[in-house]
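Asks: what shape does this take:
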Amino acid sequence: MRTHKKTTRGRLSLLFCCGWSTLLLHFTVLAADLAEVTDTNDAANEAAKASQQRIDSMAEQTGKLLSEYRVVIKEIDGLRVYNRQLEKQIANQLKEMESIRDSIDRVTVIERQIVPLMLRMVDGLRKFVELDVPFLEQERLDRLDNLDSLMDRADVSVAEKFRKVLEGYQIETEYGRTIEAYSGTLTLDGNPREVDFLRIGRVALMYQTEDAQRSGLWDQGKRQWMPLPDQYRSPIKEGLRIARKEVAPDLLKLPVPGPEAAQ
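Replies: Reported below is the predicted structural model:
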């Protein structure tokens, strides 16, 4: 009986040990599986994290590229507008160039015509001065000689030559509406005398010697100097002072040649 109990206890102990071993083995396997699952989960998390980082990086790069694309599109639109404007400007410039070429061609024709015209103008001005009242003769003739020399110069443009010719005409025109006093030499009784000339437009040209003893008037019809009586001595002297702006303008009683008869 005792032997049977011992045998039963031994079997129970053996079963207990086997069960405990089995349980330990089960927990060990379970722990190993759990560790493997945990490691797999961690690896999956790391992979997901890395994938998310790549996605975030790609999203950021995509956003930058999209922003750059939009900027480029705006620049392209601006360049298209600018190019259209340039095309209009170029078209206008081409038209202007064509107009300039036509003008150059016309200028060449005009230049061939204007040079003879200027020569005739200078020649006509010289004849006018020679037939005019003889005031400032040398100054006016020197101006005409300069115009003649200018016409022959190749280093002066046609426009400048024409300007100078017009300037000569303007100076001669001004003489007709101004008064002037100037000194010069006049031959009286075969002897040169220093006199003061008084010019009143082109209406009258008079002289008076420095001692105011002799006065005279240019007679355009006779083309010579005519002596004046003493009664004009003071008026001529006063006229000289007015012309020199030494006194205020005033009325003067001076001789004026009569108009020439028309022919």
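Asks: for the stretch 51-200 of the chain, which segments count as strands?
Replies: Ranges of strands in the stretch 51-200 of the chain, per DSSP state E, counting those that start in this stretch, are 179-188, 191-200.
Asks: okay, buried residues for the first one please.
Replies: Which is strand 179-188. For strand 179-188, a neighbour-count test (16 or more other Cβ atoms under 10 Å) marks I179, E180, A181, L186 as buried. All C-beta spots, glycine's among them, are computed from the backbone N, C-alpha and C.
Asks: again, but for the last one
Replies: By 16+ other Cβ under 10 Å, the buried positions in strand 191-200 come out as V195, D196, F197, L198, R199, I200.
Asks: pretty sure the last one contacts G239?
Replies: Same thing as I200. Yes - I200 is in contact with G239 according to Cβ atoms under 8 Å; the separation is 7.4 Å.
Asks: what do these two both touch?
Replies: I179, L254 (Cβ atoms under 8 Å, 6 or more residues apart in numbering).
Asks: low pLDDT regions in this protein?
Replies: 1-35, 37, 107, 258-263 (pLDDT under 70).
Asks: tell me where the longest helix sits in it.
Replies: helix 2-131 (DSSP state H).
Asks: just checking, what packs against that helix?
Replies: Judged by 3 or more Cβ pairs under 8 Å, 6 or more residues apart in numbering; DSSP states H and E, helix 2-131 is in contact with helix 137-151, helix 158-175.
Asks: so what are the domain limits for this structure?
Replies: 50-175, 179-256 (automatic domain parsing).
Asks: how about these in a markdown table, adding distance to T40?
Replies: What follows is the domains of the chain, written out as a markdown table (distance: least, Cβ to Cβ, whole Å):
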| stretch | distance to T40 |
| --- | --- |
| domain 50-175 | 15 |
| domain 179-256 | 120 |
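Asks: most packed of those domains?
Replies: Most buried of these, by mean neighbour count (mean count of other Cβ atoms under 10 Å): domain 179-256, with a mean of 15.
Asks: ok now that one, how far from the chain's centre?
Replies: Mean-position distance between domain 179-256 and its chain equals 52 Å (Cα atoms, centre = their mean, to the nearest Å).
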